[in-house]
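# output the structure for:
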Amino acid sequence: MPSDEMFRKINLWNCSPKLLSSGNSNEQTFKSDVIKRINLFNAIFKFVVQNDTDWLEIMRDYFSIVNREKIWLMPAGENQELLNKNKQRVVELAKKYYLNFTTRLHIEIWNKKTGV
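Model prediction:
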């Protein structure tokens with residue numbers, strides 16, 4: 001949990017909660033008290049969506065504690081081919097549930113290149 005001092009000093013919280021597909025346990029990734037507190041401030045919550053299981057986890061764990069206008073969906077994909085394969089499905093989820101969408105611009109520009 002960030003300190004009260006940090007909450008006073010930070011203007012925008014950009015959170016990217018990890019989902020179970022990241023390989024971490026729910027105990028490691030889902031801290032509802034932290035998410036609820038950050039949600040009270042100027043914050044966005046960006047979720048990388050790889051599959052339907054990710055989407056169900058977002059709906060189950062986050063819809064009741066994060067303001068919808070603060071939720072951003074991003075398709076998973078470590079290269080342009082995988083990103084494109086997943087992008088349309090995630091766009092449709094964002095449209096259907098009135099959520100924000102963003103892509104992985106660095107992948108679209110440079111594909112799977114490190115150090116850029």
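
# state which strand of this protein is the longest.
strand 43-49 (DSSP state E).

# and it, what does it pack onto?
Packing partners of strand 43-49 (3 or more CB pairs under 8 Å, 6 or more residues apart in numbering; DSSP states H and E): strand 13-15, helix 52-62, strand 71-75, helix 80-97. For every residue, glycine as well, the C-beta is placed using N, CA and C.

# got a list of contacts for that strand?
With contacts defined as CB atoms under 8 Å, 6 or more residues apart in numbering, strand 43-49 is touched by 12-17, 19, 35, 39, 54-55, 58, 62, 66, 70-76, 86, 90, 93, 100, 102.

# let's see 6 Å
By CB atoms under 6 Å, 6 or more residues apart in numbering, the surrounding residues in contact with strand 43-49 are 13-16, 55, 58, 66, 70-74, 76, 90.

# ok so, going back, which of the helices and strands packed on strand 43-49 sits most buried?
For the helices and strands packed on strand 43-49, the largest average neighbour count (mean count of other CB atoms under 10 Å) is found in strand 71-75, namely a mean of 21.
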